[in-house]
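> I'll drop the sequence and a predicted model, then ask my questions.
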Amino acid sequence: MSLLTGSREMKKGSAELLILSAIEARPRHGYDIARRIEERSKGTVTFHAASLYPLLYRLEQRGWIAGRWTERPGERRRRLYKLTPEGRKVLARQRSLWRAFVKAIDRAVGVEHA
Amino acid sequence: MPDGYWQHRVRERLAGLDVDPATEAETIDELTQHVEDRYRDLITAGVPETEASAQAWRELEGHPALVREISGARASVIAAPAQDYSRRRLFGLWDDFRFAWRRLRHAPGFALVAIATVTLTVGANAAILSVADAVLFRPLPYADADGVAVITMMDPTTGRHYTNTPYALLAAIDDGCPDVSNVALLEAFRGSGRATLDTPGGLRPVPLMSATPNYFTLLGVQPARGRLFSAADAGQENRIAVLSHVAWVELFGRDESIVGRQVTLGAVTLHVAGVLPPGFVFPSNTSDRLAIVTMRAPMARGEKGGTFYPIVRIARGVSRERAQAEVAAATAATRQTLGRVDSLPALNDVRAVLYPVGRPVMRFLLAATVFILLLGCANLANMMLVRSRRHLHETAVRLALGGSRLRLIRPMLFEALMIGLGGALLAVGLTALSFDLLLPHVPPAAYNFGRVQTGVSVRVVAMALTMGLLCAVAFSIIPAWRATGVDVLALIQRRGGRGSRIRLGRSLVAVQVAIAVAVVFGAVIAGQAFLSVLRTPLGFSTERVALITVGPGPAGTARQGFLRRALEAIQSRADVVAAGGVSTLPFTLSAPDNGTADHKAGVVYALPGYFEAAAIPVIRGRTLTWDDATAGESGAVVSQTAARALFGDRDAIGATFDDMSGDHHRVVGVVGDVVSSLERDSPPLTYVMPGEKLGRFTFVARLHERRADTFTEIKRDLRAATGLTPALSWWEDQIAKDNAFRGPRFQSIVLASLATLALLLTALGIFSVVAYLVAARTREMGVRLAIGASPASLVALMIRQAIWPVAAGLVAGAVLIGWGKQLAEAQLFKVDASDPRMWAVASATVLAAALFAAWLPALRATRISPTEVLRSE
């Protein structure tokens, strides 16, 4: 997580947002979530299992996501996580907060958009 | 990488996770998959194996708080409901309800069987209750009905009752009983009492009754329209009348203006004072649905007899026994004077008069259904026990995470509530749908020939729902309580903790077997009773006999001419072997129309040819002819029993007797006995020619053959001879659905159905317990198989587990039968409940069902794989 190394708080808040948005379109299992985040951030943001799973369990505990074991013929069973209705609301709120936060930071550091 | 390599490393990495074993296994599985996926992706991307392995493992390296964080988060996920519930809606009741619903949905087999158990159990009770309610429980339509007593004459030595009480005795009650009110009378006229009313639908026969002015006041009845009789109506005797509610509806089309109007009944014109309330039943065994009740004069001293139903009201706080003693003392001298020391006026409970047959039958059947209820409840308790065993591990985990016992019991109670409610609703629905099918099998005498309303009433629905809920909840509390009192540590470590639950299950099996033996025994002897019924000689023959009713026809002096014309029209037909007529057909539970003056025999009115047509054998002398209908001393035929009762060892032919109407008869012949009902011995009967008094008559014609067009031809002939259209039926068809047959058949059908149900429920109970034993001892049996035990020996072992409670149940069943024997013998027709073969048949049936029910789940023991069992440990 090279870009965000400097701010643990920022990472913590954004990590939840990253996970929630990774499963927004469809349910995914843990490794798939990590890979999805890595792909979409073009390798900038990476999650190790050691930090991903405690976070997934906490989100599940809060009722934002729900985990469920599924089995397909010829494959190992997998635990898929999907957004709960409450999680969807949280994602929308966090997303708008994040946009406002990024804009504020941009303005503070003097980035000018064309 | 070798199989299990990553899993082994992840398990080591997560050592010390503070979660339950199942969650620990899931977490290890999930993280292992993650590392394996990462390793496979790296290998696919061309990373060398050693490097790929190191990189994949880096996923779990570092992060020293990993174990603590996962423990916290995972424990919270499981414990969350327990912590959150208290703050949620209605203290978490809604969540408990949803949890219970989910559990039931995930066990459809259990839910189905449990609901079916409640449905069958409550359904059997609701069906019987829907008939029994009116007979045993529904309040009578009188104010303070317990205080009302119906007076009959009772012979204390035989226990027989007569409806003919001399006025002098009633006057003695009026004079000498301070704790008993004045007597009120209802008189139901027979025969000529059926007046005809000109209605818009044509002439209709209407039963006429008369009541004294104090009759309705004594009963405390309020009119539906207008007013009822009162002392102020003195002088209006036989001029004012009240209508029964059915008469108002059916004869006058609910005409609101009927009160105050005049109605004409034949030669009589009556002023309608009011209408009786719906559901009103006269405290008598007389037919009163369509009755029009006129007011009669109060009791007159010195008046002679008649068929009437005197009632009194016993003063508040005075027991029936004390009032009865008062009546006995007050009438002693008069009885002496009248020469009636052998009988005394008895104060009867109204229900005993209204339902003389129904009450004992219904009590007997209710006792049987209570047994079924107990069986069903025991079964449910057993199933709950087995179910709690399946959830034992889950229960232990939730207890370990701090869930309170009450919180764990609540979903189980909700589950029981859903089962109870579902089963009871289904039971009520089924009963309502099947009631019309059930009712034709119920002997009409059991519910007063339809004079009282029967059906699935609101009371029955309420009783059934309460029963279902109570049964389900009460019998799931103990299993639920026991299930939550587990040794958490022992269970999580998968050790023991089952002994007491098995003991409880076995005790329930013993109780179920005992009840089943008793109910099956009841069904066996009811079947025997029904066979006895079919084998009983009736004393007459119904083969090819047509029953013909024409009526009512003219009254008075023209009556006999009318009857003779009709009978001769029938007799003149070429296809008629013999024909006659009778006022009361045998085997209909109906009382004779009259009695001999000494009350020793009944009097039936018969027309010449009756004995030949009904094939009643002539023992001595001859049968009746038209010449026997002479005034002064008419000819009579007596049955063998009547000959003995009236004349003892004397020769009956030529002997004389008087009837209660004061007519004198000389015996011209003795005929064979006929049965009036199967429950009783043949009554002593005398047959006399009808005078001018009798109204309704049934012609009996034996034909050469049963042909389809016979009835049409007879109708045509009778119309030509009398101007009236007769109603016809075949006697043998009639008798097949006759009351006297219906009683034993009804009992047989009900008891056989209940016995089947009892067997089914018992088998289910045993099945549950053995299935539970097999599940609980899977590991032990795996070990036994591994060390060489044969599958057959395991089946035998499991069946042996069930045998002891079954054996105990069979013994307890024998004790139950011993207690209930007398009740069964009193209620069922000519059975010997002491016959050991009956007990043997019942026990063998239950034993066979029990062994089969134990064998089925025991077979599962043979399918246990020792390798899988031992590996899972």
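Great, that's in hand.
> On the pLDDT front, check B:Glu732 for me.
B:Glu732 is assigned a pLDDT of 82 by the prediction.
> Now do the contacts for the nearest residue to it once chain neighbours are set aside.
Computed as CB to CB, 6 or more residues apart in numbering or on different chains, the closest residue to B:Glu732 that is not its neighbour in sequence is B:Thr542, at 4.3 Å. Every C-beta, even on glycine, is put in place using the N, C-alpha and C of the backbone. B:Thr542 sits next to B:Trp730, B:Trp731, B:Glu732, B:Gln734, B:Ile735 when contact means CB atoms under 8 Å, 6 or more residues apart in numbering or on different chains.
> Might one say that B:Leu773 is in contact with B:Ile799?
No: here B:Leu773 does not reach B:Ile799: they are 10.1 Å apart, not a contact under CB atoms under 8 Å.
> out of those two, which sits in the busier spot?
Taking neighbours as other CB atoms under 10 Å in any protein chain shown, B:Leu773 and B:Ile799 compare with B:Leu773 leading, 25 against 19.
> What values do phi and psi take at B:Ser244?
phi -70, psi 160 (degrees, to the nearest 10).
> Up against chain B, what does chain A have?
A:29-31, A:34-35, A:48-54, A:57-58, A:60-61, A:69, A:76-79 (CB under 8 Å from any CB of the partner chain).
> I'd like the list of the residues you listed that fall within helices, please.
A:30-31, A:34-35, A:49-54, A:57-58, A:60-61 (DSSP state H).
> Buried ones from those, can you make that a PyMOL selection?
Buried members of those can be picked out in PyMOL with the line below, counting by 16 or more other CB atoms under 10 Å in any protein chain shown:
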select buried, chain A and resi 30+31+34+35+49+50+51+52+53+54+57+58+60+61
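> mind putting the ones in helices among the residues of chain A next to chain B in JSON lines, distance to B:Leu856 included?
JSON lines is the format used below for those (distance: CB to CB, whole Å):
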{"residue": "A:Gly30", "distance to B:Leu856": "44"}
{"residue": "A:Tyr31", "distance to B:Leu856": "46"}
{"residue": "A:Ala34", "distance to B:Leu856": "51"}
{"residue": "A:Arg35", "distance to B:Leu856": "51"}
{"residue": "A:Ala49", "distance to B:Leu856": "48"}
{"residue": "A:Ala50", "distance to B:Leu856": "52"}
{"residue": "A:Ser51", "distance to B:Leu856": "54"}
{"residue": "A:Leu52", "distance to B:Leu856": "50"}
{"residue": "A:Tyr53", "distance to B:Leu856": "46"}
{"residue": "A:Pro54", "distance to B:Leu856": "49"}
{"residue": "A:Tyr57", "distance to B:Leu856": "44"}
{"residue": "A:Arg58", "distance to B:Leu856": "48"}
{"residue": "A:Glu60", "distance to B:Leu856": "42"}
{"residue": "A:Gln61", "distance to B:Leu856": "44"}
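> Make CSV out of the ones in helices among the residues of chain A next to chain B and add pLDDT.
Below are those laid out as CSV (pLDDT from 0 to 100):
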residue, pLDDT
A:Gly30, 93
A:Tyr31, 93
A:Ala34, 92
A:Arg35, 92
A:Ala49, 90
A:Ala50, 89
A:Ser51, 88
A:Leu52, 91
A:Tyr53, 92
A:Pro54, 90
A:Tyr57, 91
A:Arg58, 88
A:Glu60, 89
A:Gln61, 86
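> and the two most separated of the ones in helices among the residues of chain A next to chain B?
Farthest-apart pair in those is A:Arg35 and A:Gln61; separation 23.9 Å (CB to CB).
> What residues sit buried inside the helix ranked longest in chain A?
Under DSSP H, the helix in chain A containing the largest number of residues is helix A:85-109. Neighbour-count burial for helix A:85-109 flags A:Gly87, A:Val90, A:Leu91, A:Gln94 (criterion: 16+ other CB under 10 Å).
> which of those residues lies closest to B:Gln7?
A:Gly87 (30.2 Å).
> which ones are touching the nearest residue to that closest one once chain neighbours are set aside?
Excluding its sequence neighbours, the residue lying closest to A:Gly87 (CB to CB, 6+ apart) is A:Trp64, at 3.4 Å. For A:Trp64, the contacting residues are A:Leu20, A:Leu83, A:Thr84, A:Glu86, A:Gly87, A:Val90, by CB under 8 Å, 6+ apart.
> Next one, pLDDT for the residue of the stretch 601-750 of chain B found nearest chain A please.
Closest residue of the stretch 601-750 of chain B to chain A, CB to the nearest CB: B:Val750 (51.6 Å). Per-residue pLDDT puts B:Val750 at 75.
> what about it, neighbour count?
B:Val750: 24 neighbours (other CB under 10 Å).
> Now it: closest residue in space, sequence neighbours ignored.
In space, B:Val750 is closest to B:Leu365, 5.7 Å off (CB to CB, 6+ apart).
> Pretty sure the one you found sits in a helix.
Yes: counting by DSSP: H, G, I helix; E, B strand; the rest coil, B:Leu365 is found in a helix.
> who's in contact with it?
Contact partners of B:Leu365, counting by CB under 8 Å, 6+ apart, are B:Ile128, B:Ala132, B:Gln747, B:Val750.
> Using a markdown table, lay out these together with distance to B:Arg564.
A markdown table is the format used below for those (distance: CB to CB, whole Å):
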| residue | distance to B:Arg564 |
| --- | --- |
| B:Ile128 | 49 |
| B:Ala132 | 47 |
| B:Gln747 | 43 |
| B:Val750 | 46 |
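> need the helix or strand of chain B with the lowest average pLDDT.
Across the helices and strands of chain B, mean confidence by mean pLDDT, DSSP states H and E is lowest for helix B:488-492: a mean of 56.
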